[in-house]
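> Sharing a model that was predicted from the sequence below.
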Amino acid sequence: MRTIDDLQVAGHRVLVRCDLNVPLDRTGDTPRITDDGRVRASLPTITALLDRGARVIVTSHLGRPKGEPDAKYSLEPVAARLAELLGRPVTFAGDGSGDIAGAHARKVVAALGDGEVALLENLRFHPGETSKDAAVRAAFADELAALAEFYVGDAFGAVHRAHASVVDVPKHLPHAAGSLVLAELDVLRRLSSDPARPYAVVLGGSKVSDKLGVIRALLPKVDALLVGGGMCFTFLAALGHGVGASLLEADMIDTCSALLAEGGDRIVLPTDVVVADRFAADAATATVAADAIPDGWLGLDIGPASTAAFAARLAGAATVFWNGPMGVFELAPFAEGTRGVAEAIAAGPGFSVVGGGDSAAAVRTLGIPDAGFSHISTGGGASLEYLEGKALPGLAALDV
Ligand SMILES: Nc1ncnc2c1ncn2[C@@H]1O[C@H](COP(=O)(O)OP(=O)(O)OP(=O)(O)O)[C@@H](O)[C@H]1O
Ligand SMILES: O=C(O)[C@H](O)COP(=O)(O)O
């Protein structure tokens with residue numbers, strides 16, 4: 001494995017694959033980044049390369065455009081934020097086309113001096129980035145590789161994607177793993193191998209089916225698995241409770257029953273739920289027992305008794321991993337479960353890791369200081385797949 005210390009980058013062009021996939025608020029005249037955590041987390045590698053006199057070409061995806069330009073997903077606002085945080089100009093290489101690494105980008109890159117930086121437009125404007133056809137991906141990777149003399153992989157949040165910029169470009173250039181990737185891996189290794197006990201995992205978010213793999217993999221290793229968020233209702237249904245109009249993945253009920261049988265009292269479900277008559281901030285709300293959700297009502301947060309019970313389990317944990325909000329934290333009446341759990345983790349003495357784009361955004365938008373957590377991961381799916389024990393193509397490509 002090579003790190004950026006092993007590359008002689010002074011005076012050379014270095015393509016750095018970052019994950020600058022940040023949440024944007026598009027309600028105003030110009031898009032606003034609501035959580036710049038991923039941009040901040042990318043700074044150490046970019047700064048280190050610039051300080052060594054490299055000519056840095058940063059590249060990333062944003063959202064899921066469909067292989068063609070879509071102004072809504074332009075990285076231009078991210079270029080502006082990156083420049084502010086770096087304290088130096090960032091040339092944005094987008095020209096409104098899907099020709100991400102074509103003539104315009106080549107011109108921008110050729111004009112870079114030592115210690116200067118450019119950001120390419122959203123990689124997913126080009127069909128080659130995510131193509132399942134290896135030849136199509138390879139052709140795009142050739143174009144990207146032609147822009148630079150070195151490649152640094154630092155997009156931890158995208159290492160579970162076998163995309164051109166993640167797995168194909170490093171085949172063509174001398175490459176190294178960036179410091180964010182290495183820092184994230186250190187933390188995940190610590191969670192995977194012999195975590196200090198008691199080890200508590202908190203899972204929430206919207207879909208059980210997305211997190212089944214990680215539940216299965218973690219169940220034998222944890223002392224408590226606390227389940228909240230939209231996914232808890234499929235577990236409550238597996239216990240035979242009615243869940244009203246709450247999120248339910250009916251085809252997962254049997255699987256949840258099997259997990260409950262296997263996990264026994266290590267799986268902790270909410271005992272009360274905040275319900276609403278519709279999905280809106282000004283809906284009528286009530287707190288009800290988890291086995292008494294009225295027909296037609298939606299469970300949108302765990303209730304105060306559940307939050308207190310989860311907090312009590314977390315207070316005694318020596319290791320905590322949290323992925324997925326406990327409720328619809330974006331709407332104030334349903335943010336308290338997430339806030340309570342986040343505060344309990346932050347106040348606890350143990351080694352605590354937050355993984356997942358929405359969970360990290362929740363921590364910051366609820367104003368809970370980052371300092372309360374040992375690590376806030378930039379990877380959602382990537383962290384979960386690592387903890388599931390899956391091989392991550394972006395790590396293999398960097399020989400880590
Ligand atoms: N009870 C609920 N009903 C419906 N949606 C819910 C509920 N609880 C939480 N959510 C929603 O789940 C979403 C987050 O789920 P997700 O599984 O994507 O989380 P994550 O893993 O932290 O994020 P990411 O996948 O971006 O890394 C939030 O937008 C939140 O509003
Ligand atoms: O947000 C993420 O988890 C990463 O940026 C990967 O994005 P993707 O799920 O759209 O590939």
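Thanks, I have it. None of these values were measured; they are calculated from a predicted model. Ligands and ions are numbered 1, 2, ... in the order given.
> near ligand 1, which residues of the stretch 151-300 of the chain?
Residues of the stretch 151-300 of the chain lying close to ligand 1 by CB under 6 Å from any ligand atom are 204-207, 210, 229-230, 247, 299-300. Just so you know, the C-beta spots here come from the backbone N, C-alpha and C atoms, and that holds for glycine as well.
> Surely residue 99 is in contact with residue 105?
Yes - counting by CB atoms under 8 Å, residue 99 does reach residue 105; the two are 7.5 Å apart.
> which of the two has more neighbours?
Remark: of residue 99 and residue 105, residue 105 carries more neighbours, 24 against 17, as counted by other CB atoms under 10 Å.
> Close to ligand 2: what parts of the chain are there?
19, 21, 64, 157-158, 161, 357, 380-381.
> Mark which of the residues you listed are buried, thanks.
19, 21, 157-158, 161, 357, 380-381 (16 or more other CB atoms under 10 Å).
> nearest to ligand 1, of the residues you listed?
residue 380 (2.0 Å; CB to the nearest ligand atom).
> can you tell me which residues contact that closest one?
Neighbouring residues of residue 380 by CB atoms under 8 Å, 6 or more residues apart in numbering: 157, 323, 355-359.
> thinking again about what came up before, filter the buried ones among the residues of the chain next to ligand 2 down to just the ones in strands.
When DSSP state E is applied, these are split such that none fall in strands.
> Dump these to JSON lines, plus pLDDT and distance to residue 86.
Listed next are these as JSON lines, based on pLDDT from 0 to 100; distance: CB to CB, whole Å:
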{"residue": "19", "pLDDT": "98", "distance to residue 86": "17"}
{"residue": "21", "pLDDT": "96", "distance to residue 86": "18"}
{"residue": "157", "pLDDT": "96", "distance to residue 86": "20"}
{"residue": "158", "pLDDT": "97", "distance to residue 86": "21"}
{"residue": "161", "pLDDT": "97", "distance to residue 86": "26"}
{"residue": "357", "pLDDT": "78", "distance to residue 86": "22"}
{"residue": "380", "pLDDT": "90", "distance to residue 86": "25"}
{"residue": "381", "pLDDT": "91", "distance to residue 86": "27"}
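> What does the residue nearest to residue 168 when sequence neighbours are not counted show for phi and psi?
Leaving out its chain neighbours, the residue that sits closest to residue 168 by CB to CB, 6 or more residues apart in numbering is residue 141, at 3.4 Å. Per-residue torsions, residue 141: phi -60, psi -40 (degrees, to the nearest 10).
> again, but for the one 10 residues further on
For residue 151, the backbone dihedrals are phi -130, psi 130 (criterion: degrees, to the nearest 10).
> picking that back up, just checking, which of the residues of the stretch 151-300 of the chain next to ligand 1 comes out lowest on pLDDT?
Lowest pLDDT among these: residue 207, with 83.
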